[in-house]
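Undergrad: show me how the following folds:
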Amino acid sequence: MKGNEPTTSEITENDEGFRVFRPKKSDRNDYLLSLVIFTLMGIGFTYSMWLVAHPAQKINAVIAFTLLCSIMPGMMLWGTLICQFSSTTIQNETVLVKGVFSQKEINLSNVIQARWRLTSHGALTLKTLIETGTINLMYLEKEERLWLIQYFQSHLPESVQQNWDLFCLRIAIPLRDPKPKAIRDPGPSEILLTRRRWDWLCLPFIFLFTIGGIIAAWIFLSPRHLLIPIPTIIIWLLMRYSTDKKGEPTQRISADKEFVKLWKFITWWSCICLIIFIILELLNPPGLFGEFPGFIVMALWTPVIYWRLYRSYRIDHLKDLEKAKQAVQQWETGPESVQNIET
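TA: Predicted coordinates for the structure are as follows:
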C-alpha cells in the first residue's frame, strides 16, 4: 500500500500544511446554464399539455407535467449548489468535508469504516463513532481524484476499507493507467463503434416513431402523440455524441450472452406494454387511464425493467469480483507494471 502514497511535497503543497479540493467554477456555470435551459423546456412542455389537455383535466395535466419536468431542473440546481459550497480540506490527517448543508471534521485515526463507492467518478464515505462524511470525486480534476484515492488508500488501514477491490477495478486503475487513445483494430469478438453506426441503428426507429406519432395524432385527434419520437431522439443524440469521432472498439452484442438475454426480455416486455397502450387508446376508458395512458403504461413498464436490470447487474457483479483481484495486484505493483484486465 505504501508504494502508492503521495509524496511529501504534494501533501505539504501549501505553506499552512493543508490542501483544499473544490469543484471548478466552470462546472458551476455549466450547471447554471443547464438549469435555465431545462427550466425553459419544462415550461414549454407544461404549457403545451395545458393547451391539448381536456378542459376537465387541465389542472391534473399541469400538475403531472410540472412534477415530471422539474426533475432535470432540480438535478441541475443541486449540482450548482454542490459546485458552489462543497469542498474537501486535508490537514495533518484531519479531513474537513463541507457539503451544501453540513460540515464534518474527521480524523483518519478515528475512522472505523471507509467505503469506496462506485457512483459516477467514485466517492469515499468515512465513518467514525460520531461522524459520517462523504467525499465525492465527481466534480474534481483527474489529478485531484487520483491524489485523493492514493492518499486515503495508503493512509487508512486495510481492515476499515470496504469495496476497495471493485473500486480499484472500475475507478482507480482506469484513472491511473488509462488505455491508449490510439484506435486499435477490433478483435474477433469486437466491432468498431462509430457515430455513423448509431445513425444506422437509431434513425430508422426515429422515422417509424415519427410516422406512428403523426398517424396516431391524426386518428385520435390528439397533438400530444407527436411527442412519441422525442425519447428516441434524445437517446440517439446522447449515444452518438458520447462516442469518439474516430470510433472505439466494443464487444459484439452476440458475444455477450447475458446482454442478449436482457435485450430479448426488454423487447418482448416493451411489445406487451405497447399493446396495452394501444388498447387503452382505442377503448379510451374514463379517468386517468383514458387521459394519460402513456403514464399508466410507463408505471407498469418501469418497475419490471428495473427488476430485470438488477438481475443482470448481479450476474455481472459476480464476474467483476474475479477481475477485481487482478486489479488490486496491478494497483499495488504500481503503474510501471501495467497488466491487461479484460472488461
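
Undergrad: so which residues of the stretch 1-150 of the chain form helices?
TA: Secondary structure of the stretch 1-150 of the chain by DSSP state H, counting those that start in this stretch: the helices cover 8-11, 25-52, 58-69, 71-85, 142-155.

Undergrad: of all those, which lies closest to residue 107?
TA: Ranking the helices of the stretch 1-150 of the chain by proximity to residue 107 (C-beta to C-beta) places helix 142-155 first, at 11.2 Å. Bear in mind the C-beta positions are built from the backbone N, C-alpha and C, glycine included.

Undergrad: quick revisit: most tightly surrounded among the helices of the stretch 1-150 of the chain?
TA: Comparing those by mean neighbour count (mean count of other C-beta atoms under 10 Å), helix 142-155 ranks first with a mean of 18.

Undergrad: so what secondary structure elements neighbour that helix?
TA: Secondary-structure packing of helix 142-155 (3 or more C-beta pairs under 8 Å, 6 or more residues apart in numbering; DSSP states H and E): helix 173-176.

Undergrad: which element follows the helix it packs on toward the C-terminus?
TA: For helix 173-176, the succeeding helix or strand toward the C-terminus, using DSSP states H and E, is strand 190-193.

Undergrad: surely residue 66 meets residue 49?
TA: No: using C-beta atoms under 8 Å, residue 66 is not in contact with residue 49, being 9.3 Å away.

Undergrad: now do the contacts for residue 18.
TA: 89-92 (C-beta atoms under 8 Å, 6 or more residues apart in numbering).

Undergrad: output those residues as a markdown table; include the columns distance to residue 35.
TA: Below are those laid out as a markdown table (distance: C-beta to C-beta, whole Å):
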| residue | distance to residue 35 |
| --- | --- |
| 89 | 27 |
| 90 | 31 |
| 91 | 34 |
| 92 | 38 |
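
Undergrad: generate a PyMOL selection restricted to the buried subset of those.
TA: Those of the contacts of residue 18 that count as buried under 16 or more other C-beta atoms under 10 Å are selected in PyMOL with:
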select buried, resi 90
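
Undergrad: and the contacts of residue 18, which is closest to residue 234?
TA: Using C-beta to C-beta, residue 89 is the member of those that lies nearest residue 234, at 39.0 Å.

Undergrad: if we can go back for a sec, will you turn the helices of the stretch 1-150 of the chain into CSV that also has mean pLDDT and distance to residue 242?
TA: Compiled in CSV, those are given as follows (pLDDT from 0 to 100; distance: least, C-beta to C-beta, whole Å):
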stretch, mean pLDDT, distance to residue 242
helix 8-11, 34, 33
helix 25-52, 87, 16
helix 58-69, 82, 24
helix 71-85, 91, 18
helix 142-155, 91, 18
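
Undergrad: and those helices: which comes nearest residue 301?
TA: Residue 301 lies closest, by C-beta to C-beta, to one member of the helices of the stretch 1-150 of the chain: helix 58-69, at 15.5 Å.

Undergrad: with only the CA atoms kept, save the closest one in CSV.
TA: What follows is helix 58-69, C-alpha atoms only, in CSV (Å, rounded to 0.1, in the frame of the first residue of the first chain):
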residue,chain,number,x,y,z
LYS,A,58,-56.1,20.7,-17.4
ILE,A,59,-55.2,21.1,-13.7
ASN,A,60,-54.2,17.4,-13.4
ALA,A,61,-52.2,17.6,-16.6
VAL,A,62,-50.3,20.7,-15.5
ILE,A,63,-49.5,19.2,-12.1
ALA,A,64,-48.3,15.9,-13.6
PHE,A,65,-46.1,17.6,-16.2
THR,A,66,-44.8,20.2,-13.7
LEU,A,67,-43.6,17.3,-11.4
LEU,A,68,-42.1,15.4,-14.4
CYS,A,69,-40.4,18.5,-15.9
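
Undergrad: domains in the chain, by residue range?
TA: The chain resolves into domains spanning 2-20+86-162, 23-85, 189-333 when parsed by automatic domain parsing.

Undergrad: out of those, which comes closest to residue 177?
TA: So among these, domain 189-333 is nearest, using C-beta to C-beta, at 7.3 Å.

Undergrad: could you tell me the end-to-end distance of that closest one?
TA: Start to finish, the residues bounding domain 189-333 are 30 Å apart (C-alpha to C-alpha, to the nearest Å).

Undergrad: could you do stretch 104-121 as well?
TA: One end of stretch 104-121 to the other measures 22 Å (C-alpha to C-alpha).

Undergrad: quick one: that stretch to chain centroid distance?
TA: Centroid separation for stretch 104-121 versus its chain: 21 Å, with C-alpha atoms, centre = their mean, to the nearest Å.

Undergrad: tell me the mean pLDDT over it?
TA: Stretch 104-121 shows a mean pLDDT of 90.

Undergrad: got the buried residues for that stretch?
TA: 104, 106, 108, 111, 114-117.

Undergrad: of the contacts of residue 18, closest to residue 257?
TA: Nearest to residue 257 among the contacts of residue 18: residue 90, at 45.4 Å, using C-beta to C-beta.

Undergrad: report pLDDT for the closest one.
TA: Listed pLDDT for residue 90 reads 92.

Undergrad: and residue 327, by the same measure?
TA: Residue 327 is given a pLDDT of 85.

Undergrad: before we move on, back to that, kindly present the domains of the chain as JSON lines, with separate columns for distance to residue 178.
TA: Shown next, in JSON lines, are these (distance: least, C-beta to C-beta, whole Å):
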{"stretch": "domain 2-20+86-162", "distance to residue 178": "9"}
{"stretch": "domain 23-85", "distance to residue 178": "20"}
{"stretch": "domain 189-333", "distance to residue 178": "13"}
